[in-house]
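1. need a structure here:
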Amino acid sequence: MDSRILVLTIAVFITGLAENVFIGVLPDMAGSLGVSESEASSVISVFSITYAFFAPIAALISYRFDPKPTLVAAISIFAASNVAVVIGGSGLLVISASRIITAMACAQISVCAVGSAVQIVSERYRARAIAAVYLGISGSLFLGVPLGVWITHLIGWRAVGLAMIGLSVVTIWLVIVRLPNVGSRSKRSLFGKLYLAHFRDRNQMMAQCVSILFIAGHFTLFSYLTSYAASKGFFGPHWEAFLYAVFGSSGMAGGVLAGILSDVAGRRLALVASPAIYLVTTLLLCMSESSIFFFASLSMWGCASWSISPIVQSYIADLGRSPNDIIIGANVTAMHIGVAGGAVVGGKLIANYDVSVLPIGAAGLAAIALATAILSVRSSH
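-> From the prediction side, this is the model:
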């Protein structure tokens with residue numbers, strides 16, 4: 001692996017940590033702030049909604065400015081925004097406001113990192129390069145979320161913000177040392193027209209809808225995974241750390257396998273296979289009762305869950321209708337619309353039923369994603 005790709009993976013790691021760490025500590029945060037778990041989940045929803053809406057602007061910035069200083073500036077803003085999490089008196093409203101700034105910074109980091117990775121490698125390895133960068137997100141689950149759970153139980157959930165600030169400083173140093181200055185690619189006003197053309201293209205939009213539905217289904221369950229596992233009898237710091245370590249390591253493997261599948265077997269087959277496999281693994285997780293079956297199902301589910309982004313981005317790029325920056329920016333928007341939608345759907349299911357129905361809701365959205373993928377592939381021919 002090119003060491004520059006590794007630096008970009010680390011940059012995306014901190015965005016994944018910011019997005020996912022509160023999932024692991026949501027019950028503790030809710031108890032500390034004196035709100036319900038579904039109310040506390042607003043920090044997830046507001047982050048994702050902001051991320052989704054800012055991603056097109058982030059793509060424009062990435063398109064017009066040198067990635068290196070852009071990354072340094074975005075990571076610096078990310079670090080500053082996490083100060084609100086550390087301050088003891090800040091309540092849910094203040095933390096939610098800080099999450100808006102964090103989400104804007106994370107969108108810029110992600111779009112810039114993936115766009116740079118695509119430039120670094122040849123077209124043959126494009127999906128694998130994207131998957132390698134997105135390893136940062138699944139890696140944040142494997143390493144960051146279990147660590148966040150332990151920090152929460154030992155010190156308190158606010159210490160997680162301090163850890164993210166420290167990681168940001170290290171990442172800024174790596175970006176400055178390893179990434180070259182490549183300059184801006186264009187200062188023309190054509191970018192907005194290309195974006196509009198992308199959103200008007202039926203085939204490209206159907207593929208983006210696969211991302212929205214797939215990730216909405218995933219986050220319907222994943223946003224409340226700690227509580228769902230507790231309902232199965234797996235609760236406490238040891239089980240929670242093990243839970244996210246299994247899920248995160250499986251997600252890392254799934255991201256790599258998805259990139260290979262897309263590059264080797266073809267983008268169209270991969271686009272259909274990914275939601276199909278995810279649907280099956282979700283149903284297996286729903287039926288699991290024993291600890292061995294539960295964690296085996298969780299491992300397969302985690303492997304399938306992080307496969308969709310490199311597959312969709314490579315599939316759309318193969319259509320040859322939009323620049324990579326636009327594809328990445330639009331897909332980041334689609335992903336986080338899915339995240340926000342999934343968190344809301346999961347919260348509604350918990351409020352009206354209980355956590356046991358979450359896999360059913362996730363499977364339903366995955367089935368719609370599979371149907372959309374099939375339609376997209378048939379239409380693209």
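2. how far is the strand or helix carrying Ser309 from where the chain is centred?
-> According to DSSP states H and E, Ser309 maps onto helix 308-319. Centroid displacement of helix 308-319 relative to its chain, using Cα atoms, centre = their mean, to the nearest Å, is 16 Å.
3. Which elements pack onto that helix?
-> Counting contacts by 3 or more Cβ pairs under 8 Å, 6 or more residues apart in numbering; DSSP states H and E, helix 308-319 is packed against helix 126-139, helix 202-222, helix 237-265, helix 267-287, helix 324-352. Any C-beta I mention is one placed from the backbone N, CA and C, and that applies to glycine too.
4. Hmm, Ala366 and Leu279 touching each other?
-> Yes: look at Leu279 against Ala366 with Cβ atoms under 8 Å: they come within range, at 4.2 Å.
5. how near is Cys362 to Val177?
-> Careful, residue 362 is Ala and not Cys. Going from Ala362 to Val177 by Cβ to Cβ, to the nearest Å gives 41 Å.
6. what about those two, which has more around it?
-> Ranked by neighbour count (other Cβ atoms under 10 Å), Ala362 and Val177 place Ala362 first, with 30 against 8.
7. OK, contacts around the more buried one?
-> Contact analysis of Ala362 by Cβ atoms under 8 Å, 6 or more residues apart in numbering lists Gly217, His218, Thr220, Leu221, Thr282, Gly342.
8. got any ranges where the stretch 151-300 of the chain has weak pLDDT?
-> Within the stretch 151-300 of the chain, the segments meeting pLDDT under 70 span 180-192.
9. Show me what counts as buried in stretch 362-376.
-> 362-370, 372-374, 376 (16 or more other Cβ atoms under 10 Å).
10. go on, stretch 158-167?
-> For stretch 158-167, a neighbour-count test (16+ other Cβ under 10 Å) marks Arg158, Val160, Gly161, Ala163, Met164, Ile165, Leu167 as buried.
11. Which two of those residues have the greatest separation?
-> Arg158 and Leu167 (15.7 Å; Cβ to Cβ).
12. how far out from the middle of the chain is stretch 144-159?
-> Counting by Cα atoms, centre = their mean, stretch 144-159 comes out at 20 Å from the chain centroid.
13. export that stretch as CSV, just CAs?
-> Provided in CSV are the C-alpha atoms of stretch 144-159 (Å, rounded to 0.1, in the frame of the first residue of the first chain):
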residue,chain,number,x,y,z
GLY,A,144,-11.7,3.5,18.5
VAL,A,145,-15.2,2.5,19.7
PRO,A,146,-14.0,-0.2,22.1
LEU,A,147,-11.4,2.2,23.4
GLY,A,148,-14.1,4.8,23.8
VAL,A,149,-16.3,2.3,25.8
TRP,A,150,-13.3,1.6,28.1
ILE,A,151,-12.5,5.3,28.6
THR,A,152,-16.2,5.9,29.3
HIS,A,153,-16.3,3.3,32.0
LEU,A,154,-13.0,4.3,33.6
ILE,A,155,-13.0,8.1,33.3
GLY,A,156,-16.3,9.2,31.7
TRP,A,157,-17.7,9.7,28.2
ARG,A,158,-16.4,13.3,28.0
ALA,A,159,-12.8,12.1,27.9
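14. what residues does that stretch touch?
-> 13, 16-17, 20-21, 23-25, 28-29, 32, 85-88, 160, 163, 237, 240-242, 244-245, 248.
15. swap in stretch 45-58?
-> For stretch 45-58, contacts defined as Cβ under 8 Å, 6+ apart pick out 18-19, 96, 99-100, 102-104, 106-108, 110-112, 195, 329-330, 332-337, 339-340, 343-344.
16. Only the buried residues of it, if you could.
-> Ser45, Val46, Phe47, Ser48, Ile49, Thr50, Tyr51, Ala52, Phe54, Ala55, Pro56, Ala58.
17. May I ask which helix or strand encompasses the fifth one?
-> Read it as Ile49. Short version: Ile49 belongs to helix 42-64, going by DSSP H and E.
18. Now do the buried residues in the very next helix or strand once past that helix.
-> Counting by DSSP H and E, the next helix or strand C-terminal to helix 42-64 is helix 67-81. Neighbour counts using 16+ other Cβ under 10 Å place Pro67, Lys68, Thr70, Leu71, Val72, Ala73, Ala74, Ile75, Ile77, Phe78, Ala79, Ser81 of helix 67-81 among the buried residues.
19. got it, and stretch 291-308?
-> By 16+ other Cβ under 10 Å, the buried positions in stretch 291-308 come out as 294-295, 297-308.
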